[in-house]
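In: okay, sequence plus prediction incoming.
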Amino acid sequence: MTEGDATPGTDALAVVLTQVADAGPLVAACALAGVEVDAAPTAVGAVAVCRHTDPGEPEAVAEAISRLLSNTPVLLVVRRDGALVATRWAGGSAAAEVAPGLVLDGAPPEIEGLLIGTVDVADLDGVLSSVGLGRWRATRMLASAARAARRAR
């Protein structure tokens with residue numbers, strides 16, 4: 001879906017909001033966990049857009065990502081039938097529902113556009129996919145991100 005070719009809110013969408021600074025390490029970790037997402041960096045952290053949105057599938061992605069980022073909570077936002085449901089996840093478990101209005105309030109424009117259906121993940125800058133990312137390349141991406149983080153300290 002691109003801007004203008006569908007009514008906002010009509011297609012299912014699931015997005016995991018993280019505090020990971022860059023999309024590279026997020027897709028690498030997702031690839032290693034067998035999670036199919038497209039990720040993009042934003043001003044508040046990388047977002048992972050779930051490739052599969054059937055009931056239960058976005059929750060499996062949020063569970064995997066929250067396990068991978070065990071020290072940091074993530075937020076799963078699912079849009080179905082024009083309604084948003086937001087759930088905070090930590091350590092592989094759903095922790096609490098969050099009012100969707102709080103998620104949209106102050107969200108960067110790209111996140112707001114994704115959630116209301118006016119922006120497609122392909123329209124965002126710096127999009128990477130975990131699909132087709134091999135284990136060795138994913139491992140190298142994570143190692144490179146870890147080295148960069150150590151140098152930045």
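Out: Now that the structure is in, tell me what you want to look at. Numbers count the residues shown, from 1 in each chain.

In: rest of the way, CA atoms for contacts and neighbours
Out: Will do.

In: tell me the contacts of the closest residue to Val37 other than its chain neighbours?
Out: Excluding its sequence neighbours, the residue lying closest to Val37 (Cα to Cα, 6 or more residues apart in numbering) is Cys50, at 4.7 Å. The contact partners of Cys50, by Cα atoms under 8 Å, 6 or more residues apart in numbering, come to 13-16, 36-38, 58, 61.

In: could I get the pLDDT score of Val49?
Out: Val49 is assigned 97 on the pLDDT scale.

In: who touches it in this structure?
Out: 13-16, 37-39, 121.

In: so which bits of stretch 28-41 are buried?
Out: 28-33, 35-41 (16 or more other Cα atoms under 10 Å).

In: with stretch 57-66 instead?
Out: By 16+ other Cα under 10 Å, the buried positions in stretch 57-66 come out as 58-59, 61-66.

In: go through those and say which is closest to Ala107.
Out: Ala62 (19.2 Å; Cα to Cα).

In: give me the phi and psi for that closest one.
Out: Main-chain dihedrals, Ala62, degrees, to the nearest 10: phi -60, psi -40.

In: which pLDDT does the model give it?
Out: Ala62 is assigned 96 on the pLDDT scale.

In: if we can go back for a sec, mind putting the buried residues of stretch 57-66 into a markdown table with distance to Gly91?
Out: Converted to a markdown table, these look like this (distance: Cα to Cα, whole Å):
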| residue | distance to Gly91 |
| --- | --- |
| Pro58 | 16 |
| Glu59 | 13 |
| Val61 | 12 |
| Ala62 | 10 |
| Glu63 | 8 |
| Ala64 | 9 |
| Ile65 | 9 |
| Ser66 | 5 |
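
In: can you redo those residues as JSON lines with distance to Gly24 and secondary structure?
Out: Converted to JSON lines, the buried residues of stretch 57-66 look like this (distance: Cα to Cα, whole Å; DSSP: H, G, I helix; E, B strand; the rest coil):
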{"residue": "Pro58", "distance to Gly24": "20", "secondary structure": "helix"}
{"residue": "Glu59", "distance to Gly24": "22", "secondary structure": "helix"}
{"residue": "Val61", "distance to Gly24": "17", "secondary structure": "helix"}
{"residue": "Ala62", "distance to Gly24": "17", "secondary structure": "helix"}
{"residue": "Glu63", "distance to Gly24": "19", "secondary structure": "helix"}
{"residue": "Ala64", "distance to Gly24": "16", "secondary structure": "helix"}
{"residue": "Ile65", "distance to Gly24": "14", "secondary structure": "helix"}
{"residue": "Ser66", "distance to Gly24": "17", "secondary structure": "helix"}
